[in-house]
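> Got a predicted structure plus its sequence, pasted below:
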Protein chains: 2
Amino acid sequence: MSKRQLLLVSTSKIHGQGYMAYLRDELRTFFRNVNTVTFVPFARPGGISHDEYTQIARDGFAPAGIDIKGVHEGNYLENIINAEAIFVGGGNTFVLTKTMHEEGLLDPIRKRVSEGMPYMGSSAGTNLAGLTVGTTNDMPIVWPPSLEALQLIDFNINPHYLDPDPDSKHMGETRETRIKEFHHFNEQLVLGLREGSWLNIQGEEITLKGTHHARLFRKGRKPEELAPGVITRLL
Amino acid sequence: MSKRQLLLVSTSKIHGQGYMAYLRDELRTFFRNVNTVTFVPFARPGGISHDEYTQIARDGFAPAGIDIKGVHEGNYLENIINAEAIFVGGGNTFVLTKTMHEEGLLDPIRKRVSEGMPYMGSSAGTNLAGLTVGTTNDMPIVWPPSLEALQLIDFNINPHYLDPDPDSKHMGETRETRIKEFHHFNEQLVLGLREGSWLNIQGEEITLKGTHHARLFRKGRKPEELAPGVITRLL
């Protein structure tokens, strides 16, 4: 996958800012050779329509000088084959994954990414870039035929990674507990990406960007904090 | 299902107390005609073994004067057919559901409950009593063949229900947002059971117990707070 260009972000907005506002410079750089990004709205946050969601993306990308076209505006497959770049937005990972499988869009996207088409994912769209979507935080409100994801990277991501709250009296599992449970049944690395962090991947070079460390979980090992910068050797 | 006897609890422990300690009186009453409860450890919290988990249940039930036998101690199906009562413990709902489907245990448990055998669930075991496990909070660390649950009640439960934190700067979805998304794709009622709350169901009479209100979500309606007491008419 030496031609891959991936921008995998934990969240579409950080507290107190508009959609994609904190990422504006990164969007300009990552999509510098792209006029129009094809937006995949299938994760439908809050159950909104594809048109409504595409308008949110359009408004968020406009300040970075990037046009947005909805993948649902016309034929899905043709729009992917002809896309300059793709952005898969956040929402419910199960709704997204079910639609991607049912519409047969995983292989076409893999092929385009392997040829060098830039892929951006946010939240559920970042889950979708991993080996499986088995480290999503979402509720299984629909049932996809499989948890298989795009496998553009050879690990899983947990977006919106949240540190345990030492003052919490809630007995539900912490995120770290959940990922440790994941490793009782799965082998792959899991990278916990905190809100405001993202990965910029150019071929084999993986760079952690943003202001936070990321938390790396490996089966049978203690979790490790990774500082922003090139982290290729660990992944 | 007029003979059903169900005890559906949100959590196995509340902050600062041991396993089942807050429920001791309720256990004594609910299991008053039972000497030995057959424990289903398949949800494996933290990935622990069936033996380890059964020991935790045994230690938690002993002060209430109730013996515990692991369903895995011998033949699953025989142990269910011969059980005086069943308790399905919490952990990962997907791990639990996958095992229940693969071992063919849903129908035998339904039959026993319809005949009047007491069923208790905690957390994942409470999810399993609903129509589907589609309102679990857990991570899909394994892939069950379906989300179909025991359907001992004709609604879904969201255990460990958590109110939005007004001070949170985290952008991940709140529980209420997730359940509203659920209702874009599903019809059934969802009852959010806060930690320390439980349902005691005798035939058609459903009683909310514990110190908290529960939050009822109906498709297309505003959520409603239900006070402890008999709530049959709403469900």
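Received the coordinates, thanks. Numbering: from 1, shown residues only, chains lettered A, B, ... in the order given.

> most distant residue from the middle of chain A?
The C-alpha centroid of chain A is most remote from residue A:169, which lies 30.6 Å away (Cα atoms, centre = their mean).

> right, and residue A:219 touches residue A:190 too?
No - Residue A:219 is not in contact with residue A:190 according to Cβ atoms under 8 Å; the separation is 9.0 Å. Backbone N, C-alpha and C define where each C-beta goes, glycine included.

> any residues in contact with both of those two?
Here residue A:219 and residue A:190 have residue A:183 as joint contacts, going by Cβ atoms under 8 Å, 6 or more residues apart in numbering or on different chains.

> Residue A:176 - that's part of a helix, no?
Yes - under DSSP: H, G, I helix; E, B strand; the rest coil, residue A:176 falls within a helix.

> ok so, going back, who's more crowded, residue A:219 and residue A:190?
Counted by other Cβ atoms under 10 Å in any protein chain shown, residue A:219 and residue A:190 do not tie: residue A:190 has more neighbours, with 25 against 14.

> What residues does that one make contact with?
Residues near residue A:190 by Cβ under 8 Å, 6+ apart: A:135, A:155-158, A:179, A:182-183, A:216-217.

> and the residues you listed near chain B, which?
A:135, A:179, A:182-183 (Cβ under 8 Å from any Cβ of the partner chain).

> so where's chain A uncertain?
By pLDDT under 70, the weakly predicted segments of chain A are A:1.

> ok, now with 80
For chain A, applying pLDDT under 80 flags the ranges A:1-2, A:233-235.

> Where do the helices of it begin and end?
For chain A, the helices defined by DSSP state H occupy A:24-30, A:50-61, A:76-81, A:93-102, A:106-114, A:124-127, A:175-185.

> chain center to the third one, what's the gap?
In terms of Cα atoms, centre = their mean, to the nearest Å, the centre of helix A:76-81 is found 20 Å from the chain centre.

> Repeat that for the first one.
With Cα atoms, centre = their mean as the basis, the distance from the averaged C-alpha position of helix A:24-30 to the chain average is 16 Å.

> what comes up buried for it?
Residues A:24, A:26-27, A:30 are the ones in helix A:24-30 that count as buried (16 or more other Cβ atoms under 10 Å in any protein chain shown).

> just checking, what packs against that helix?
The contact analysis (3 or more Cβ pairs under 8 Å, 6 or more residues apart in numbering or on different chains; DSSP states H and E) places helix A:24-30 against strand A:5-9, strand A:197-202.

> just to revisit the earlier point, turn the ones next to chain B among the contacts of residue A:190 into a markdown table, columns for neighbour count.
Shown next, in a markdown table, are these (neighbours: other Cβ atoms under 10 Å in any protein chain shown):
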| residue | neighbour count |
| --- | --- |
| A:135 | 30 |
| A:179 | 23 |
| A:182 | 25 |
| A:183 | 18 |
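
> Closest one to chain B out of these, please.
Comparing those against chain B with Cβ to the nearest Cβ places residue A:182 closest, at 4.4 Å.

> Apart from its neighbours in sequence, what residue is nearest the closest one?
Closest residue to residue A:182 apart from its sequence neighbours, by Cβ to Cβ, 6 or more residues apart in numbering or on different chains: residue B:141 at 4.4 Å.

> The one you found reaches residue A:132, doesn't it?
No - with contact defined as Cβ under 8 Å, residue B:141 does not count as touching residue A:132 (9.7 Å).

> quick one on the thing from earlier: ranking the helices of chain A by burial, who's on top?
Comparing the helices of chain A by mean neighbour count (mean count of other Cβ atoms under 10 Å in any protein chain shown), helix A:124-127 ranks first with a mean of 29.

> What is that helix packed up against?
Packed next to helix A:124-127, using 3+ Cβ pairs under 8 Å, 6+ apart, are strand A:86-88, helix A:93-102, strand A:156-161.
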